[in-house]
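1. curious how this folds, go ahead:
(one chain, ligands or ions: 1)
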Amino acid sequence: MSEAGTADPTRRNRIHEVWDRRILAERTLADDQVAALADLAGRVRALTDAVVHTRVPADEIAAVSAEVAALTDRLSAVRGEAPPIGSHDGTGRALASPVSGPLNPIAPPVDIEPLPGGGARAAFTLGGVYEGPPTFVHGGVSAMILDQLLGVAAAANGTPGMTATLDLRYRRPTPYGVRLTAEARVARVEGRKTWVDASIAAPDGRTTVEATAMFVMPAR
Ligand SMILES: CCCCCCCCCCCCCC(=O)SCCNC(=O)CCNC(=O)[C@H](O)C(C)(C)COP(=O)(O)OP(=O)(O)OC[C@H]1O[C@@H](n2cnc3c(N)ncnc32)[C@H](O)[C@@H]1OP(=O)(O)O
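-> This is a model prediction of the structure:
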């Protein structure tokens with residue numbers, strides 16, 4: 001039997017505690033690393049934007065590509081087992097979330113504000129990097145942002161959980177390059193299940209996407 005599978009629950013809990021502390025320590029960065037990485041992530045976002053919009057000739061692209069490969073090697077000299085976790089601002093948000101993580105260059109990032117009593121709101125502008133249909137945001141990107149917003153609302157209600165269902169209604173195309181707003185509100189809670197509604201609005205106030213999710217607090 002493996003250690004984690006030991007039949008003694010007290011011993012098993014102790015093993016998990018040590019394991020959790022080890023993982024937490026390995027995934028927690030120093031404040032100066034967090035600040036430096038947030039700056040780097042912003043620059044990589046700008047680089048990504050430049051990559052999808054550039055029209056420089058192929059030989060210049062190849063030269064830049066070689067420089068980027070060298071930079072990747074430098075950063076990879078010391079690698080963690082997994083992305084960092086924890087908070088640098090006291091809100092408990094995941095630093096490397098692909099939606100709102102300041103350290104994750106693929107995150108737009110969307111700044112999500114939890115609201116007391118089971119709500120959340122966000123205001124954000126997406127660039128051409130997130131284009132789906134020409135001049136509009138990719139539907140999967142809207143879904144990802146809404147999933148996170150809905151999840152933060154569930155957590156703000158004191159009933160966090162894993163997304164069990166996510167229903168989307170795309171009412172009209174979502175434009176990029178303009179300020180979008182989004183809001184979520186917990187609709188009801190039954191046992192371990194929490195239903196949350198949310199929507200994204202364009203600058204004219206019209207709803208572009210509506211979503212309803214059901215979150216389940218895992219039994220274990
Ligand atoms: C303050 C804020 C701070 C910031 C906070 C950070 C927020 C972060 C936000 C992050 C946001 C992003 C979040 C993400 O990206 S989460 C990642 C995407 N989601 C997943 O990967 C979830 C995968 N699934 C699971 O882990 C399990 O299946 C879960 C946990 C969902 C249930 O497994 P568990 O073994 O525990 O459940 P159970 O079988 O005892 O069933 C319990 C009840 O639930 C009902 N049920 C279950 N599944 C479904 C289903 N699919 N449709 C309809 N119903 C379903 C089931 O019928 C039963 O109902 P009833 O018979 O009791 O009536």
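2. residues from the chain in reach of the ligand?
-> Within the chain, the positions near the ligand by C-beta under 6 Å from any ligand atom are 91-93, 114, 147-148, 151-152, 155-156, 162-165, 192-193, 216, 218-219. (Glycine included, C-beta is placed from N, CA and C.)
3. residues making contact with stretch 161-178?
-> 125-128, 130-131, 133, 135-137, 139, 142-143, 146-147, 150-151, 154, 180, 192-194, 200, 202-203, 206-218 (C-beta atoms under 8 Å, 6 or more residues apart in numbering).
4. can you rerun that using 7 Å?
-> Stretch 161-178 is contacted by residues 125-128, 130-131, 133, 135-137, 139, 142-143, 147, 151, 154, 180, 192, 194, 200, 202-203, 206-218 when judged by C-beta atoms under 7 Å, 6 or more residues apart in numbering.
5. thinking again about what came up before, which of the residues of the chain next to the ligand count as buried?
-> For the residues of the chain next to the ligand, a neighbour count by 16 or more other C-beta atoms under 10 Å gives the buried set as 93, 114, 147-148, 151-152, 155-156, 216.
6. residue 189 reaches residue 159, doesn't it?
-> Yes. Residue 189 is within contact range of residue 159, at 5.3 Å (criterion: C-beta atoms under 7 Å).
7. ok, residue 38 touching residue 103?
-> Yes. Contact status for residue 38 versus residue 103: in contact at 5.8 Å, counting by C-beta under 7 Å.
8. domain ranges for this structure, per the record?
-> Following automatic domain parsing, one gets these domains for the chain: 1-94, 111-216.
9. tell me which of the ones you listed sits most buried.
-> Most buried of these by mean neighbour count (mean count of other C-beta atoms under 10 Å) is domain 111-216; its value is a mean of 18.
10. pLDDT of that domain, averaged?
-> Averaging pLDDT along domain 111-216 yields 97.
11. remind me, longest helix of this protein?
-> The residue-count maximum for a helix in the chain (DSSP state H) belongs to helix 31-53.
12. so which residues make contact with that one?
-> Contacts for helix 31-53 (C-beta under 7 Å, 6+ apart): 88, 95, 102-105, 127-129.
13. rebuild these as a markdown table, extending it with secondary structure and distance to residue 13.
-> Formatted as a markdown table, those follow (DSSP: H, G, I helix; E, B strand; the rest coil; distance: C-beta to C-beta, whole Å):
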| residue | secondary structure | distance to residue 13 |
| --- | --- | --- |
| 88 | coil | 30 |
| 95 | coil | 28 |
| 102 | coil | 34 |
| 103 | coil | 31 |
| 104 | coil | 32 |
| 105 | coil | 37 |
| 127 | coil | 47 |
| 128 | helix | 50 |
| 129 | helix | 44 |
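14. of those residues, closest to the ligand?
-> Nearest to the ligand, judged by C-beta to the nearest ligand atom, of the contacts of helix 31-53 is residue 95 at 11.8 Å.
15. what about the nearest residue to the closest one once chain neighbours are set aside, how many residues nearby?
-> Spatial nearest neighbour of residue 95, chain neighbours left out: residue 103 (4.5 Å); criterion: C-beta to C-beta, 6 or more residues apart in numbering. Neighbours of residue 103 under the rule other C-beta atoms under 10 Å: 24.
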